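Trainee: Kindly return the folded structure for what I paste below:
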Amino acid sequence: MSSSPTDNLSRPAVKVFVATTVMLTFISFWRASAIVLADLASSAYYAGGDAEKVIGKSAPWFILAVMLFSYAVRALYIESSSMFVRGGVYRVVKEAMGGTLAKISVSALLFDYVLTGPISAVSAGQYLSSFILDISSYSHHRFVHFPENTFAASFAVLIVIYFWWKNTQGIHESSGKALQIMIITTVMVVILIIWCTLTVFRAPVVLPPNPLHPGVVPLTKESMGWLHGTWLSHLTWIIVFVGFGHSVLAMSGEETLAQVNREIEHPKLRNLEKTGLVIFIYSLLFTSLVSFFAVMIIPDPVRPAYFGNLIGGIAMFLTGPTWARLAFRGFVVLVGVLILAGAQNTSIVGANGVLNRMAEDGVLTSAFQKPHPRFGTSYRVINLIVVLQLLTIVVTRGNVFILAGLYAFGVIWSFAFMSLAVVVLRYKEPGNREWRVPGNPRIFGREIPLGLMVVSVVLFTTALVNLFTKSEATIAGVIFSAIFFGMFTYSEHRVKKARAGKPEGLAQFRVYGNQDMDSNHLGVRPGNILVAVRDPKGLYYLREVLRRTDTAKQDVVVMTARLYHREHSFSARTVYDANEIFDHYEQELFTAAVSLAEKEGRPVSLLVVPAADVFEAIIMTAQRMNSSRIVCGLSNKLTPDEQAKLTGDAWERLPEPRPRLIIEVHLPDGSVREFPLGPHAPRLRAQDVELMHKLWLDVTADPKYAGAHHYHVVALALQELRRELTSDQRAAALAKLLDEMHADDPPSQG
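Mentor: Numbers count the residues shown, from 1 in each chain. Below you'll find the model as predicted:
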């Protein structure tokens, strides 16, 4: 803000600049669970059928094993998220093993995301097409006939295009929609489990065959790939990992947990653990039970026809009248379209987040992050992912089994790299975490991450077995990963040249001017806390404010002043562009502020104010924002008293009505000095109160002055001091004041 005369302060002389970034609102663990489950639970619609098609009737046991093991994999993500709020495969692998392996791992992850959308959208089309054809058949009127794969692919294309447009616009309150979808899905799951249980117990229960018995898992070219016919294909442990590998796509969605961690509200780690538990229980019951019920309810001769829409097949063979089964199947299809479409959306959002993170780190050029001119979204990244997804649907012609085989490649290799990175970080950064994967015995006084190592060995073994048994997925996955790795390497080289020493890893902000700077226009409530920041490495006080403030009741506004020389007049004629106000320093400063906010799970609003005097900028912002408190750190040049004095002087220059404000100066040692601004009752030391009381006792000892109060004593002392300061005794009075200032420390607060 300018230091223009008081009469000009009643109107904004210049624009303020509001900086916004995507991840500044936070959600409950229920909403976080819903977002992850929109991806993870969707695999229940296709994982069981795909697994049984390849490894036979024992598939439910492998699905169950995968779902139990998923909790161990989820523990990897919880540990890494406790270290890095903006975590996920890319960040963790980069911190542990460097940029090259990070680019390889994220290439596999992108293969996962590119396949997640198509397999979900195509599966939704499969359920819908099968339902339409069965309705036609049961009504004895073949009024429709079409190729299911063609219908599924066409439907998938429509879903992808729809979510391309919605993501380009910017989807609002996606967590709320995800929660609504999961509530509807839960109703369907409860009905399904109860109805299936009643159906199963009407006859003797026959469980799927034990996969460890010889001959149960078919040793075919489809199941064994390049291992078919070799001596390795007859080893029991290889057969077990083959079955496990063909079922691993039931474990998708873990990377979504790392991405959504940024949005989880305070207390972040505790809510992340709750999210992980909810996901585990839900997916264990839904995904694994669907596979078991399918084998136990759908007759063997017709079950292959329902591998692409397993839950729909279960619905058709439940006990009860045909109309009820058809009605329930319609409900299953409706829920399936909702949750599978949600998974398609999650794939775009997730890939967008990963690629934006890489652009921030300098792996992708800033051109990828160029915001949409109208909606402000990273539309070029969205376009890239959507084009690849559409191409995938067209090439596979809507064959959900081909998509599933390809999908498993990205899933398992991204998990494997993640597990290895977390193991490396245990030794590289042993103390930088709030939560650890269980199983850490101490041997000879040294902690051994045994649990982590076991998880990593299982994942890498599965990945290697899949590499040789899923030949099509291996070829496609390696080619895709190699292309993206090459693109990332080339792009990173160009960015390093362009940046030439500029800071990396900075968040991208949308900056816009606002002529009407007040709490209403900026979307914050009166009574907010204004935190003035200047040093991106010294935001200890912002962390403390976020920890102690319930942002559901009181907003936190983070502001910085962009200083200019006074000869640059801030008159009404002055016009500033956002690029002049928001440069690399402000970007670095707000990146650090947002990282703290995400770590604590508290939302903040960001504000840049052009100013000639920082204290006037702070105090004027507080007035216009209807703030109740100003918080700042200790200046490198000023004492807390000097900071408070300069801020108080700026307060005195404010136009009426001047707000009642408190300024807090936080010191690096954790202590806080608090100063009320403007007229206020002083905080007296104990000796001052004692002296005032003694003087009052002395005066009131004479009955004539029995009506005197303590404030009369204070008033008399103040009047005497004013008389001395306006007489030839001024120098002596100020000398006494100076002696008093040096005689003792002031009260701890002000």
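Trainee: Run through the residues that contact A47.
Mentor: By CB atoms under 8 Å, 6 or more residues apart in numbering, A47 lies in contact with I63, S247, L249, A250, T287, S291, A404. Any C-beta I mention is one placed from the backbone N, CA and C, and that applies to glycine too.
Trainee: what about the closest residue to the third one other than its chain neighbours, which SS state?
Mentor: This means L249. What sits nearest to L249 in space, not counting adjacent residues and going by CB to CB, 6 or more residues apart in numbering, is A408, at 4.7 Å. Classification of A408 into helix, strand or coil gives helix, according to DSSP: H, G, I helix; E, B strand; the rest coil.
Trainee: I'd like to know how many residues surround A408.
Mentor: Here the neighbour count serves as a burial measure; for A408 (other CB atoms under 10 Å) it reads 29.
Trainee: quick thing: my sequence starts at 53, can you match it?
Mentor: Shifting the count to begin at 53 puts that one at A460.
Trainee: Quick check: the gap between it and L180.
Mentor: When distance is defined by CB to CB, to the nearest Å, A460 is 24 Å away from L180.
Trainee: now swap in G297 and tell me
Mentor: With the distance defined as CB to CB, G297 ends up 30 Å from L180.
Trainee: Between the two, which has more neighbouring residues?
Mentor: Neighbours were counted for G297 and for L180 using other CB under 10 Å; G297 has more, 28 against 21.
Trainee: a helix runs through G414, doesn't it?
Mentor: No: with the criterion set as three-state DSSP, the secondary structure at G414 is coil rather than a helix.
Trainee: Hmm, R546 and it touching each other?
Mentor: No: contact status for G414 versus R546: not in contact, 9.7 Å apart, counting by CB atoms under 8 Å.
Trainee: which of the two has more neighbours?
Mentor: Each of G414 and R546 had its neighbours counted (other CB under 10 Å), and the higher figure belongs to G414 (21 against 13).
Trainee: who's in contact with S523?
Mentor: G277, W278.
Trainee: Next one, pLDDT for the residue nearest to the spatial centre of the chain please.
Mentor: Nearest to the centroid of the C-alpha atoms of the chain, with distances taken as CA atoms, centre = their mean, sits R314, at 2.3 Å. R314 carries a pLDDT value of 81.
Trainee: where does the stretch 403-552 of the chain have low pLDDT?
Mentor: Segments of the stretch 403-552 of the chain classed as low confidence (criterion: pLDDT under 70) are 551-552.
Trainee: can you give me the strands in the chain?
Mentor: In the chain, strands defined by DSSP state E lie at 68-72, 494-495, 498-499, 562-566, 581-584, 608-615, 657-663, 681-685, 714-718, 724-728, listed in chain order.
Trainee: Pick the most buried one from those strands.
Mentor: Per-residue neighbour counts averaged over each of the strands of the chain give the maximum for strand 581-584, namely a mean of 26 (mean count of other CB atoms under 10 Å).
Trainee: That one: partners in the sheet, and parallel or antiparallel?
Mentor: Applying DSSP bridges, strand 581-584 is found paired with strand 608-615 (parallel), strand 681-685 (parallel).
Trainee: related to what we said a few turns ago, same list, the strands of the chain, but as CSV with distance to L440 please.
Mentor: CSV is the format used below for the strands of the chain (distance: least, CB to CB, whole Å):
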stretch, distance to L440
strand 68-72, 29
strand 494-495, 47
strand 498-499, 43
strand 562-566, 26
strand 581-584, 42
strand 608-615, 37
strand 657-663, 33
strand 681-685, 46
strand 714-718, 48
strand 724-728, 53
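Trainee: and those strands, which one's lowest on average pLDDT?
Mentor: strand 68-72 (a mean of 60).
Trainee: Which residues are in contact with A117?
Mentor: Under the criterion of CB under 8 Å, 6+ apart, the contact partners of A117 comprise F296, S299.
Trainee: Quick check, pLDDT for it.
Mentor: At A117, the predicted lDDT confidence score is 95.
Trainee: now do the one 10 residues further on
Mentor: In the predicted model, A127 carries a pLDDT score of 93.
Trainee: so what's it closest to, chain neighbours aside?
Mentor: For A127, the nearest residue in space outside its immediate sequence neighbours is V489; the separation is 4.5 Å by CB to CB, 6+ apart.
Trainee: so what's V384 scoring on pLDDT?
Mentor: We have a pLDDT of 93 for V384.
Trainee: oh, I was asking about G802
Mentor: G802 is assigned a predicted lDDT (pLDDT) of 42.
Trainee: Kindly report the same for F198.
Mentor: 71.
Trainee: residues in contact with the residue nearest to L301?
Mentor: Taking CB under 8 Å, 6+ apart, one finds G297, H298, V300, L301, N518, K522, A525 in contact with A460.
Trainee: closest to R712 among the contacts of A99?
Mentor: The shortest distance between R712 and any of the contacts of A99, using CB to CB, involves T339 and amounts to 58.0 Å.
Trainee: Find the nearest non-adjacent residue to the closest one, please.
Mentor: Nearest residue to T339 in three dimensions, chain neighbours excluded: A96, at 4.0 Å (CB to CB, 6+ apart).
Trainee: Could you give the number of residues near that neighbour?
Mentor: 28.
Trainee: need the contact list for it.
Mentor: A302, S335, F338, T339, V342, I363.
Trainee: Neighbour-wise, which one of those residues leads?
Mentor: A302 (29 neighbours).
Trainee: ok so, going back, ok, the contacts of A96 vs N219, which is closest?
Mentor: S335 (25.1 Å).
Trainee: Would you mind measuring from the residue nearest to A127 to G483?
Mentor: The separation that V489 has from G483, given CB to CB, amounts to 15 Å.
Trainee: So between those two, which is more surrounded?
Mentor: Summary of the neighbour comparison: V489 and G483, criterion other CB under 10 Å, with V489 having more neighbours (26 against 4).
Trainee: Poorly predicted segments of the stretch 653-802 of the chain, please.
Mentor: Counting by pLDDT under 70, the stretch 653-802 of the chain has low-confidence residues at 732, 796-802.
Trainee: picking up where we left off before, now the contacts of A99 in CSV, with distance to V765?
Mentor: Shown next, in CSV, are the contacts of A99 (distance: CB to CB, whole Å):
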residue, distance to V765
I115, 84
S299, 85
L301, 82
A302, 80
T339, 79
S343, 85
A456, 87
